[in-house]
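Q: the following block contains a protein sequence and its predicted model.
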Amino acid sequence: MNEMATRRAKGPPFLFWSAAGILLILDQISKLWAIHALRDAPPQSWLNDLFRLAYAENSGAFLSLGSQLPVWTRLAVMIGMNALLLSCLAWVLIRHRDLAWKWKLGWGLVLTGGIGNLIDRLVYQGLVIDFLNIGLGSLRTGIFNLADMYITAGICWLLLIGFREPSEERKSVDPAAESLPRQSTSLPVLTLLLTVGIMGFGEVDLLRADTVIYKAGARGGRVALNGEILEFNQREMVFRVKSPDTTHHLAQDQIVSFQAYFLPVHQQAEEAMAKQEYGRARELANQALSTEKRAWVRRELLALQIQAATNQREWATAAVHYKAMLDSDRATRNRDLIPLMWRQEPLSPQDLDFALRELSSDRPELRLITASWLLETPGSAQRAKEVLTELLRHPDTDIRNLARCQLWRIRLREEDLNDGDLLRWERQLLELPESLQAGPSYLLAQGYERQVQPELAAARYLWIPIMDARHAALARDALTQAATLLDSVGQTDSAARLRREAIQRFGGESKE
C-alpha cells in the first residue's frame, strides 16, 4: 500500500517539467510583447480600470527595494542570490521525487516564476520586465508580470495546504513522511524565507491607486511605484509610497507615464470632454470640485472647466477658472490652456466688461488674455496693442513670446509681409513649447496665404488638428482652410478627405 502511494506521489516527472517549461515560455513571450507593444506607450486601462497595461523595468526587488544600490552590488544580490536559492529549490524537487504532488505544484510554480525573472536579469542587465496591474476602487497592485503571478500563486497554494493539512494525518498514510521536512509548519516558513529572495518582483501589494513609471539610475531604467501623488506640476511630482513609508521627488523629465485615481464623476467629466459635450463636462467637473480635496487634482478639474468654457466661447468664465488655477500653483501642468483669441470672435457684454476691467490687472496673464480679446475691437484695439507691447519686456518667456505672436495679428491686417518676416515668425514660433504653438501656427498659416504659398499654408493649418485640437473651433477652421487651399492647387481628393474629417471630428458647429 505504501509503495503504491509513493508511486502516485512521484507522478510522471516529464509532465511536471514540461508544464514548467510551457509556463516559462509564456512568461518570456509576454515580456517580449510588452517590450515591443507597451514600451513607448502610455498606460492602457481596461474594464473600467480593473486592468492596466503599463510597461516598467524593475531594477530592484520587492517594492523596488535595492534599485538605487551600486550596479555590481545590485547584480550580485539580485542575480547571484536568486540563482543560489533557485538552484537549491530545483535540487530539492529533483532529490525528493516522492514529494506529494500538491507540494510539487506549489514549489514548481515558485521555481518557474523565479527562473522567469532571473532570465530577465541576465538578459536585460539586471532589470525585470513588468507590465500588468490590477485594482478595484482605491486599491491597486503594483506592476508585475506572469512570473510574479506564478510565484504568488505558488506561495498562496503552499501556505494553504501547509496550514490545513496536519502532519499526523499524512504520517498515518505514509510513515516515510517522518523523514521529510515537517510540511505543516516548516515548509510554509521555508516557503516565505526562500521566496523573499526569489520573487524580486515589483510591488504586488495593495496600495493607493496612483501609479507612476519613471526613469532612474545612470542607465535610465524604468521603475514603477504605486502610492499617492501628493503634488504634481511642471517642475516635479511628489509621490508617496506607503510601504515602506517614503516620499519621492521626481523631476518632470524623469516621469515616463502615470495613471492616477480620479473620482468617478471626474472620469465622467473627462469622457464628456472627449466627446465634445462641453456643457455636461463643466457640470460634472463642478460636482467633482465640490468633493475633491487634492490640490493638484482640483487644478486638473479647473483645466477641464477652462477648456470647456473656451470651446463654448464663454471667455470670461474661462479666464476666471484660469486665474483660480494659477492661484493654486503658477507652475501648474495646464498653464498652456490660457484662453487666448487667435482670430477675432464676438464678445458678449459680460465678456467685454470683464476684458476692459482686467486689461489693467496686476496679473500679466490676465492682461495678455484680455488684450488678445480686444486687439481687433473698435475703441479698445490701441490700448490692447500697448499692453501687448509692454508684455514684450516681461521676464516670463512664455508670456513674452505669446505677446509677440499676438502682435502678428496686427501685421497680418495692416502690413505687407515678405519671406524674411515669415522665416522670422517660424523661428519665434519654435521658442514656444509645442503645447502653445497652435494659435501662432494659425497666424503663420495666414501669413503664407498672404504670400500665396498654399502648400506651406496648408501644412501649417494641418499641424493644428494633428498636434493640438483642444480648441475645437480653431482646429475645425484650420482643417477647412487647409482643404480650400488644397482645392486651389488641384488636390481635390485630399481636400474632400479633410472636409470629411472636419465633420467627423468636430461636426459642423461646436457641440455645446
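A: Yes, it's here.

Q: can you tell me the closest non-neighbouring residue to L486?
A: A495 (4.2 Å; Cβ to Cβ, 6 or more residues apart in numbering). (Glycine included, C-beta is placed from N, CA and C.)

Q: what's next to the host helix or strand of that neighbour, contact-wise?
A: Secondary structure from DSSP states H and E places A495 in helix 492-506. For helix 492-506, the surrounding residues in contact (Cβ atoms under 8 Å, 6 or more residues apart in numbering) are 276, 462, 465, 469, 472-473, 475-476, 479-480, 482-484, 486-487.

Q: helices along the stretch 251-400 of the chain, start to end?
A: Using DSSP state H, counting those that start in this stretch, the helices of the stretch 251-400 of the chain run over residues 264-274, 278-289, 295-311, 315-328, 349-358, 364-374, 381-391, 397-406.

Q: closest one to L230 among those helices?
A: Smallest distance to L230 across the helices of the stretch 251-400 of the chain (Cβ to Cβ): 8.0 Å, for helix 295-311.

Q: would you double-check that G21 falls in a helix?
A: Yes. Counting by DSSP: H, G, I helix; E, B strand; the rest coil, one finds G21 located in a helix.

Q: low-confidence regions, the protein specifically.
A: Scanning the chain for pLDDT under 70 picks out the ranges 1-12, 59-78, 137-139, 164-209, 217-220, 243-244, 508-512.

Q: given the longest strand seen in the chain, what are its sheet partners and their directions?
A: Longest among the strand segments of the chain by residue count, using DSSP state E, is strand 221-232. Its sheet considered, strand 221-232 pairs with strand 210-216 (antiparallel), strand 236-242 (antiparallel) by DSSP bridges.

Q: most tightly packed of these?
A: The highest average neighbour count among these, using mean count of other Cβ atoms under 10 Å, belongs to strand 210-216 at a mean of 22.

Q: do you know how far the residue nearest to L486 is from T484?
A: Taking Cβ to Cβ, to the nearest Å as the measure, A495 falls 7 Å from T484.

Q: quick one, which of the two is more surrounded?
A: More crowded of A495 and T484, by other Cβ atoms under 10 Å: A495, with 20 against 17.

Q: chain center to the longest strand of the chain: distance?
A: 11 Å (Cα atoms, centre = their mean, to the nearest Å).

Q: and the helix or strand where T480 lies, what's buried?
A: Using DSSP H and E, T480 falls within helix 472-488. The neighbour-count check on helix 472-488 (16 or more other Cβ atoms under 10 Å) flags 472-487 as buried.

Q: and for that helix, what's in contact with it?
A: With contact meaning Cβ under 8 Å, 6+ apart, helix 472-488 is reached by 276, 311, 313, 342-343, 438-439, 442, 445, 449, 454-455, 457-458, 461-462, 464-465, 468-469, 492, 494-496, 498-499, 501-502, 505-507, 510-511.

Q: ok so, going back, nearest to R299 among the buried residues of helix 472-488?
A: A472 (21.9 Å).

Q: quick one: that closest one from A56, how far?
A: 35 Å.

Q: do A475 as well
A: A475 is 34 Å from A56, by Cβ to Cβ.

Q: can you check L23 too?
A: Distance, L23 to A56, using Cβ to Cβ: 21 Å.

Q: got it, and W296?
A: Distance, W296 to A56, by Cβ to Cβ: 22 Å.

Q: deepest of the helices of the stretch 251-400 of the chain, which one?
A: Highest mean neighbour count among those (mean count of other Cβ under 10 Å): helix 364-374, with a mean of 24.

Q: elements contacting that helix?
A: helix 315-328, helix 349-358, helix 381-391, helix 397-406 (3 or more Cβ pairs under 8 Å, 6 or more residues apart in numbering; DSSP states H and E).

Q: packing partners for the second one?
A: Okay, so that is helix 349-358. If you count contacts as 3+ Cβ pairs under 8 Å, 6+ apart, helix 349-358 packs onto helix 315-328, helix 364-374.

Q: circling back to that earlier point, from the contacts of helix 472-488, list the buried ones, please.
A: 276, 311, 313, 342, 438-439, 442, 445, 449, 454, 457-458, 461-462, 464-465, 468-469, 495, 498-499, 501-502, 506.

Q: domains of the protein?
A: What automatic domain parsing lists as the domains of the chain is 2-210, 262-335.

Q: circling back to that earlier point, I94: which of the strands paired with strand 221-232 is closest?
A: strand 210-216 (38.4 Å).

Q: name the residues that touch that closest one?
A: With Cβ under 8 Å, 6+ apart, strand 210-216 has contacts from 43, 52, 54-56, 59, 67-68, 133, 140, 143, 221-229, 237, 239, 250, 254-261.

Q: list only buried entries from these.
A: Restricting these to buried positions leaves 43, 52, 54-56, 59, 67, 133, 140, 143, 221-229, 237, 239, 250, 254-261, with burial counted as 16+ other Cβ under 10 Å.

Q: ok, and the closest non-adjacent residue to K102?
A: I161 (5.3 Å).

Q: which of the helices or strands spans that neighbour?
A: Secondary structure assignment for I161, by DSSP H and E: helix 146-164.

Q: what about that helix, distance to the chain center?
A: That offset, for helix 146-164, works out to 32 Å (Cα atoms, centre = their mean).
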